[in-house]
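1. No sequence on hand, only this structure:
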């Protein structure tokens with residue numbers, strides 16, 4: 001029997017990083033992952049054209065939802081269930097934390113990536129943070145099934161949202177094989193990065209839980225020649241720039257903004273070490289992406305990053321500039337050939353095909369339970 005899935009893409013703008021990568025990579029593989037599926041996307045006006053570039057089905061647009069989080073949240077509350085009812089879908093899959101906050105005729109599956117807004121404040125005002133965390137909790141509580149990417153995230157969702165563990169399915173994310181250019185330095189010259197110094201790469205948005213401040217403070221207290229620290233991932237004026245200047249790191253840090261896929265691959269190719277100083281994550285996708293590309297990885301010593309990086313990555317306390325700085329120096333000078341080999345092997349076990357297949361099975365079983373006996 002055909003399963004009609006409404007994929008809730010109201011969040012998608014093409015500029016939101018890991019959550020969009022997760023949704024996009026699974027969605028592209030859904031036609032093969034399901035026995036028989038019909039896919040419909042619900043998009044905002046800002047991201048609709050980008051979604052049409054990869055979505056294997058019809059794309060419907062909610063014209064009054066834009067790229068901002070306020071209209072996105074309003075769309076989840078007011079538009080998704082109504083559109084699902086009109087389209088007579090079997091399941092609504094919301095892959096980005098937000099979802100409708102009331103039950104509907106259709107079954108609902110929600111991916112809850114993390115509890116950042118419950119624990120770290122999300123880096124924005126208190127009232128918005130409280131509203132966001134409440135909406136995320138309501139979305140998860142009113143769903144028929146919840147997906148998260150790691151066992152550490154599962155424990156956090158249970159603790160902070162009150163979702164029973166048996167209602168959560170852990171489905172790890174995947175990674176793609178590298179597609180680096182034959183001359184990565186030529187690719188990077190366009191953004192002012194040239195050979196001559198070890199490159200320390202870190203990526204992500206600028207929310208405080210990413211802890212780029214901790215990384216910069218660790219680098220600032222290093223004696224002797226410093227590595228070149230490259231931190232892409234910002235749009236417009238980078239909020240890290242004032243701290244870089246305050247710490248006197250203008251010649252040691254490059255903030256290239258939002259880079260192309262080819263430039264990111266080139267950065268992975270030349271990096272001496274990939275650094276993940278994050279205080280909390282739902283999964284830690286960049287750690288796996290870096291390992292898949294043969295990078296040494298140094299991560300903050302937290303449970304979720306140990307779950308993903310295993311005994312291949314190196315760990316240190318990223319809240320201590322002295323300890324993390326010393327770990328950076330050790331990582332740069334380590335031979336690392338065995339870690340690189342083991343990292344590629346470990347990361348290769350995480351595939352988007354597996355993620356898509358397990359997501360499809362959960363959606364199908366949730367739809368079947370919602371239909372009841374044949």
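-> That came through fine. Remember, it's a predicted structure, so these values are computed and weren't measured experimentally.

2. buried set for stretch 239-258?
-> Of the residues in stretch 239-258, 240, 243, 244, 247, 249, 252, 253, 254, 255, 256 count as buried by neighbour count, 16 or more other C-beta atoms under 10 Å. The way it works is simple: take the backbone N, C-alpha and C, and place the C-beta from them, glycine included.

3. got those as CSV, with distance to residue 45 and pLDDT columns?
-> As requested, the buried residues of stretch 239-258 are exported to CSV (distance: C-beta to C-beta, whole Å; pLDDT from 0 to 100):
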residue, distance to residue 45, pLDDT
240, 30, 97
243, 35, 98
244, 35, 98
247, 40, 98
249, 39, 97
252, 41, 97
253, 36, 97
254, 34, 97
255, 30, 97
256, 29, 96
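
4. which of those residues sit farthest apart?
-> Taking C-beta to C-beta, the two most distant members of the buried residues of stretch 239-258 are 247 and 256; they sit 18.3 Å apart.

5. mind listing which of the buried residues of stretch 239-258 are in helices?
-> Those of these mapping onto helices are 243, 244, per DSSP state H.

6. What is the nearest of the buried residues of stretch 239-258 to residue 187?
-> residue 256 (11.7 Å).

7. how near is the closest one to residue 359?
-> Taking C-beta to C-beta, to the nearest Å as the measure, residue 256 falls 33 Å from residue 359.

8. go on, residue 183?
-> For residue 183 relative to residue 359 (C-beta to C-beta), the value is 37 Å.

9. between these two, who's got more neighbours?
-> Neighbours were counted for residue 183 and for residue 359 using other C-beta atoms under 10 Å; residue 359 has more, 24 against 11.

10. I'd assumed residue 148 was in contact with the more buried one.
-> No. The pair residue 359 / residue 148 is not scored as a contact, 11.7 Å apart, by C-beta atoms under 8 Å.

11. Now do the shared contacts for the two.
-> residue 171 (C-beta atoms under 8 Å, 6 or more residues apart in numbering).

12. ok so, going back, would you list the buried residues of stretch 239-258 in TSV and tack on distance to residue 37?
-> Formatted as TSV, those follow (distance: C-beta to C-beta, whole Å):
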residue	distance to residue 37
240	42
243	47
244	47
247	51
249	50
252	50
253	46
254	43
255	42
256	39
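
13. Restricted to strands, list the buried residues of stretch 239-258.
-> 253, 254 (DSSP state E).

14. which one's the longest helix in this structure?
-> helix 352-371.

15. Okay, strands next: where are they in this protein?
-> Under DSSP E, the chain gives strands at 3-9, 37-44, 58-62, 91-94, 107-111, 145-148, 168-170, 199-201, 228-230, 253-254, 271-276, 296-300, 314-316.

16. Can you spell out which helices and strands pack onto the fourth one?
-> In terms of contact count using 3 or more C-beta pairs under 8 Å, 6 or more residues apart in numbering; DSSP states H and E, strand 91-94 is assigned the packing partners strand 3-9, helix 80-87, strand 107-111, helix 352-371.

17. who's in contact with that strand?
-> 3-8, 76, 80-81, 84, 99-100, 104, 106-111, 139, 143, 359, 363, 366-367, 370.

18. Of those, keep whichever come out buried.
-> Here, 16+ other C-beta under 10 Å leaves 3-8, 76, 80-81, 84, 99-100, 106-111, 139, 143, 359, 363, 366-367 buried among the contacts of strand 91-94.

19. shaky segments in the stretch 51-200 of the chain?
-> For the stretch 51-200 of the chain, the stretches with pLDDT under 70 are 120-125.

20. Helices of that one, start to end?
-> 69-78, 80-87, 116-119, 126-141, 151-161, 184-189 (DSSP state H, counting those that start in this stretch).

21. Of those helices, flag the one that's most buried.
-> helix 116-119 (a mean of 21; mean count of other C-beta atoms under 10 Å).

22. How far does stretch 55-73 sit from its chain's centre?
-> 19 Å (C-alpha atoms, centre = their mean, to the nearest Å).

23. cool, stretch 241-260 as well?
-> 23 Å.

24. From one end of that stretch to the other, what's the distance?
-> One end of stretch 241-260 sits 20 Å from the other (C-alpha to C-alpha, to the nearest Å).
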